[in-house]
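Student: got a structure for you, letters missing:
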C-alpha cells in the first residue's frame, strides 16, 4: 500500500512539474515577444528624434553664432567707450569704468566661452 501511495505522489509531482514547465515556457515566450516589440519601438523613437533634432541643432548653432557676433560688437563698443573716457579729462569716471569694465569683461568672456562651447560639434 505504501508503494502505491509513493507512486501516486511521484506521478502527481511529475504532472505538476510538467504543467509548471509549460507555464514558465509560455511566460518566457511572452516576455521575449514584449522585448522584441519594445526594441522596435525604441528604434523608431530614436529615428524620429534624430530626424527632428538635427535641424533644431543647426538652428541653435546659427543663433549662437549671431549672439556671439553681437557680444563681440558690444565688447568692441565698450572698449571704444573706455578709450574715449580715458582720453577725456573725466579720469574719475575712468576709474569707475575700470571697475565696471572688469566685471563686464568677465561676464562677456564667460558668455563668449559658453557660446563657443555650444557652437562646437
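Tutor: Received it, and whenever you're ready, just let me know what you need. Predicted model only: the values in this text are computed from it and were never measured.

Student: low-scoring stretches of the protein, by residue?
Tutor: Low-confidence regions of the chain, defined here as pLDDT under 70, cover residues 1, 85, 88-108, 111, 115, 120-121.

Student: Now do the helices in it.
Tutor: 2-87, 91-119 (DSSP state H).

Student: For the ones you listed, state which one has the densest average packing.
Tutor: Ranked by mean neighbour count under mean count of other C-beta atoms under 10 Å, the helices of the chain are led by helix 91-119, which reaches a mean of 13. For glycine as for every other residue, the C-beta is placed from the backbone atoms N, C-alpha and C.

Student: Please determine how far the residue most central in space within the chain is located from residue 118.
Tutor: The geometric centre of the chain, computed from its C-alpha atoms, lies nearest to residue 53 (C-alpha atoms, centre = their mean), at 11.5 Å. Summarising the geometry, the distance separating residue 53 from residue 118, computed by C-beta to C-beta, to the nearest Å, is 14 Å.

Student: With residue 69 as the reference, measure out to residue 83.
Tutor: 21 Å.

Student: check contacts around residue 46.
Tutor: When contacts are counted by C-beta atoms under 8 Å, 6 or more residues apart in numbering, residue 46 touches no other residue.

Student: For residue 112, see how far away it is.
Tutor: For residue 46, the distance to residue 112 under the criterion C-beta to C-beta works out to 34 Å.

Student: Could you do residue 45 as well?
Tutor: Using C-beta to C-beta, one obtains 36 Å as the distance from residue 45 to residue 112.

Student: Over to residue 5?
Tutor: Distance of residue 5 to residue 112, given as C-beta to C-beta: 89 Å.

Student: Please apply the same query to residue 43.
Tutor: In this structure, residue 43 and residue 112 are separated by 40 Å, where distance is defined by C-beta to C-beta.
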